[in-house]
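A.B. asks: structural data only, the sequence is not supplied:
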């Protein structure tokens, strides 16, 4: 158990819909990262927040947005969903802001878009 | 454009033998490299890392080698154990983010 929690574990929805994925980091961690893992693909970095502020951005679509709240939990919002958005979405957390800090991953949310 | 590549999707090794997982990268600006291990239905867990100023880092049964001139990274597991069966991802850091490879599924047979 990494100490990072993600809800829900599974989500099934239809094209065009909007969903919110939630992540609670390990106690004391200030950074939250979001990753997408599609079929046969590696982990694609989406976005990072550090202490409430956006710190780094990866290949995140404009239809996707995220935020980190004062209690440090984070939400990833996915809108106008397409079939290709079906994937595993991982959240990770770390103590510090940089990529040199070990990242602890949650178990992921499996999103299925029908 | 895949900056970090793991060209072998799978690898099968006998228990007790050496497992060698390989990773190639294209960006010479990468300054830190990591290996993560992932079991089914779990998130990845950190295994070992290496700075670009080193060419080897060892932690128990796990050793990572970095060949900067060849832009090549490898993870050696000796001896391999059935519990090592998992998907292994290499990753490289570029400024503020990690770029992951596609993963290699290691199967260690008893």
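C.D. replies: Sure, I can see it. Note that the coordinates shown come from a computational prediction; the quantities given were computed from them, not determined experimentally.

A.B. asks: how about the nearest residue to residue A:80 once chain neighbours are set aside, what does it touch?
C.D. replies: Closest residue in space to residue A:80, ignoring its immediate chain neighbours: residue A:63 at 4.9 Å, by C-beta to C-beta, 6 or more residues apart in numbering or on different chains. To be clear about C-beta, it is placed using only N, CA and C from the backbone, and glycine gets the same treatment. By C-beta atoms under 8 Å, 6 or more residues apart in numbering or on different chains, the residues touching residue A:63 are A:78-81.

A.B. asks: quick one: pLDDT of residue A:63?
C.D. replies: Residue A:63 is assigned a pLDDT of 97 by the prediction.

A.B. asks: how much space separates it from chain B?
C.D. replies: In this structure, residue A:63 and chain B are 20 Å apart, going by C-beta to the nearest C-beta, to the nearest Å.

A.B. asks: dump the residue contacts of residue A:25.
C.D. replies: Residue A:25 neighbours (C-beta under 8 Å, 6+ apart): A:3-4, A:31-32, A:72-74, A:91, A:93.

A.B. asks: give the ChimeraX command for selecting the buried subset of the residues you listed.
C.D. replies: Here is the ChimeraX command that picks out the buried ones among these, judged by 16 or more other C-beta atoms under 10 Å in any protein chain shown:
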select /A:4,31,32,72,73,74,91,93
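
A.B. asks: out of the contacts of residue A:25, name the ones that lie in strands.
C.D. replies: Judged by DSSP state E, the contacts of residue A:25 include A:31-32, A:74, A:91, A:93 as members of strands.

A.B. asks: which residues touch the host helix or strand of residue A:77?
C.D. replies: Using DSSP states H and E, residue A:77 maps to strand A:74-78. Under the criterion C-beta under 8 Å, 6+ apart, residues A:18-23, A:25, A:32, A:34, A:46-47, A:49, A:63-69, A:85, A:89, A:91, A:111 lie in contact with strand A:74-78.

A.B. asks: what residues does chain A have near chain B?
C.D. replies: Applying C-beta under 8 Å from any C-beta of the partner chain, we find that chain A lies next to chain B at A:2, A:4, A:35, A:40-45, A:48, A:55-56, A:58, A:90, A:92, A:97-100, A:102-108.

A.B. asks: and the residues you listed, which are buried?
C.D. replies: A:2, A:4, A:35, A:42-45, A:48, A:55-56, A:58, A:90, A:92, A:97-99, A:103-108.

A.B. asks: partner residues bridging residue B:11?
C.D. replies: residue B:106 (DSSP bridges).

A.B. asks: was I right about it contacting residue B:103?
C.D. replies: No: Residue B:11 is beyond contact range of residue B:103, at 11.0 Å (criterion: C-beta atoms under 8 Å).

A.B. asks: for those two, indicate the residue with more neighbours.
C.D. replies: Comparing residue B:11 with residue B:103 by other C-beta atoms under 10 Å in any protein chain shown, the one with more neighbours is residue B:103, at 25 against 16.

A.B. asks: just the pLDDT for that one.
C.D. replies: Reported pLDDT at residue B:103 in the predicted model: 94.

A.B. asks: ditto for residue B:71
C.D. replies: With respect to pLDDT, residue B:71 has a value of 96.

A.B. asks: which stretches of chain B form strands?
C.D. replies: All strands of chain B, identified by DSSP E, fall at B:4-5, B:10-14, B:19-25, B:32-38, B:45-51, B:56-59, B:62-67, B:72-77, B:86-94, B:97-100, B:104-109.

A.B. asks: thanks again, I'm all set now.
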